[in-house]
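Asker: here's a sequence, model it:
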Amino acid sequence: MNWTLALPEIVLSVCGMAILMVGVFRRPETGFVAGMLTLGALLVAGMLVISRGTGGAYEGLFVVDAFSNFVKVLILVSAAIALILAFDYNSRQGIGRFEFPVLVLFSTVGMMVMGSAANLMTLYLGLELQNLALYVLVAFARDDLRSSEAGLKFFVLSALASGLLLYGISLAYGFAGTMDIAQLSQALAAPGAAAGLVVGVVFVIAGLSFKLAIVPFHMWTPDVYEGAPTPVTAFISMAPKVAAFALLLRTLAIAFGHQVAQWQLLIVLVAIASMLLGSFGAIGQVNIKRLMAYSSIANMGYAMIGLAAGTGAGIRGTLVYVAIYVFMNAGAFAVITAMRRRGQALERIADLGGLGDRDPALALAMSVFMFALAGIPPLSGFFAKLYVFLAAVQNGMWALAIIGVLTSVVGAFYYIRIVKVMYFDPAEAAFDPRPRSASAVAVGAGAFTLLFVLFAAPIFAAAQAASRVLLG
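Answerer: Below you'll find the predicted structure:
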């Protein structure tokens, strides 16, 4: 048994328990220390992910390949960004809040396990480890009624999705006699495959779709995005979506890879519904976090276009899209984190009025991220949509690509409206001085978004290697 393949996850778990003990015995002055130690643990885990070999471990329950490594690097980057954004938030709470980085760390471990899941039981284990920490993080602002409400809604609906997932796993095991994803593929390909097995795998896909917040499993997203603390919202909008997409891609490409014609139409309908609801639902929003919630629904719909194509180019386009989305989203939430006045967090879009005069650098950063999310060239968001639309066109799915372009035009309206508010609406009172953590994330994400053409080749090559793993 090659247990060293799971060394990044083992290291993170051990570090998490050690940081937890440090926080418990040295409270309350360990909040910043716990955050820095967690960032260090994420960095070490990232180096181990990049440097380790490939193969299977734990009797086929855990697999390490180019696909899992690509996904895990994105998860670790997302977690690190969320932690950096949370430094200022935690310091304002008046206590150490060492629990926050520890919860992020353990949730990250669960997502990394999901990235290497080659068995439905490993999938469920990773998903629940991720969820248990996320429930607490969403309700982390204990004195905020909205945060408690968001935590309760997230818990109840996640429990429902987990129930669907577990029911699907039990059906798959009952009819196929195995929970191994590769062996499920063989069982599904066999003549006269049991209908119950197909139903079981469909339930598994439905449970994963909840984490992506795609239609019709999107109902929790706006309320949870609005109610959760902003750094937690940033974390939820990035890392869990990467992990869920990893499992969805591995399940569909391997277990259902030979049955593209059967599930392609379903994915097309889900992608169209997500793009339409996300684009039109965001138009009437006055709260910027709710707007970003609908934006995430639309963006997951765009990413699904590559999956709907069912080709190597489509999977590669989806992986590139998710990677680019992480940085665009991180930058936007860095600006939202900086929206504070007299110590109070602001969330109304109108609060950005006159930002171009009060803080030109922050307004410029937000403009870059909004234009990128709108898909305007030569920013990274343009290339993200180009890759998935191109995959659809190459597969003859012209209608899907056209709907994607049209909904992108609708999305451009509410993204550019934010730019208009910053530069042309009456000026509001100045924000509090920008946290250095938010500035650092905005600069880093802005550089990636503006100069994506310099990073495109290695990211595209990594996505290409990852897609080859799924398609054999």
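Asker: top helix in the protein by residue count?
Answerer: The longest helix of the chain (DSSP state H) is helix 145-176.
Asker: next, the angle from the helix or strand that it is followed by to helix 145-176.
Answerer: Sequence order places helix 181-189 as the next helix or strand after helix 145-176, per DSSP states H and E. If you take axes from the mean of the first three to the mean of the last three CA atoms, to 10 degrees, helix 181-189 sits at 60 degrees to helix 145-176.
Asker: Three-state assignment for Phe431, please.
Answerer: For Phe431, the assignment made with DSSP: H, G, I helix; E, B strand; the rest coil gives coil.
Asker: name the element Met17 belongs to?
Answerer: Going by DSSP H and E, Met17 is in helix 7-26.
Asker: tell me the angle whichever helix or strand comes after that helix makes with helix 7-26.
Answerer: Proceeding N to C from helix 7-26, the next assigned helix or strand is helix 31-51, under DSSP H and E. With the same axes, to 10 degrees applied, the angle from helix 31-51 to helix 7-26 works out at 170 degrees.
Asker: and the next helix or strand after helix 31-51, which residues are buried?
Answerer: Sequence-wise, the next helix or strand downstream of helix 31-51 (DSSP H and E) is strand 55-57. By 16 or more other CB atoms under 10 Å, the buried positions in strand 55-57 come out as 56-57. All C-beta atoms are positioned from the backbone trio N, CA, C, and that covers glycine.
Asker: tell me the mean pLDDT over strand 55-57?
Answerer: Across strand 55-57, pLDDT averages out at 77.
Asker: whatever helix or strand comes next after it packs against which elements?
Answerer: With elements assigned by DSSP H and E, the helix or strand that comes after strand 55-57 is strand 62-64. Under the contact criterion of 3 or more CB pairs under 8 Å, 6 or more residues apart in numbering; DSSP states H and E, strand 62-64 touches strand 55-57.
Asker: mind listing the strands the strand it packs on pairs with, and their directions?
Answerer: Sheet pairing of strand 55-57 (DSSP bridges) gives strand 62-64 (antiparallel).
Asker: how far away is Gln285 from Ile403?
Answerer: Using CB to CB, to the nearest Å, one gets 22 Å for the distance from Gln285 to Ile403.
Asker: now for the nearest residue in space to Ile283 that is not next to it in sequence, how many residues are close by?
Answerer: Computed as CB to CB, 6 or more residues apart in numbering, the closest residue to Ile283 that is not its neighbour in sequence is Tyr414, at 5.5 Å. Residues lying near Tyr414 (other CB atoms under 10 Å) number 23.
Asker: cool, Phe217 as well?
Answerer: Counted by other CB under 10 Å, the residues lying close to Phe217 total 22.
Asker: with Trp3 instead?
Answerer: Trp3 - counted by other CB under 10 Å - has 10 other residues nearby.
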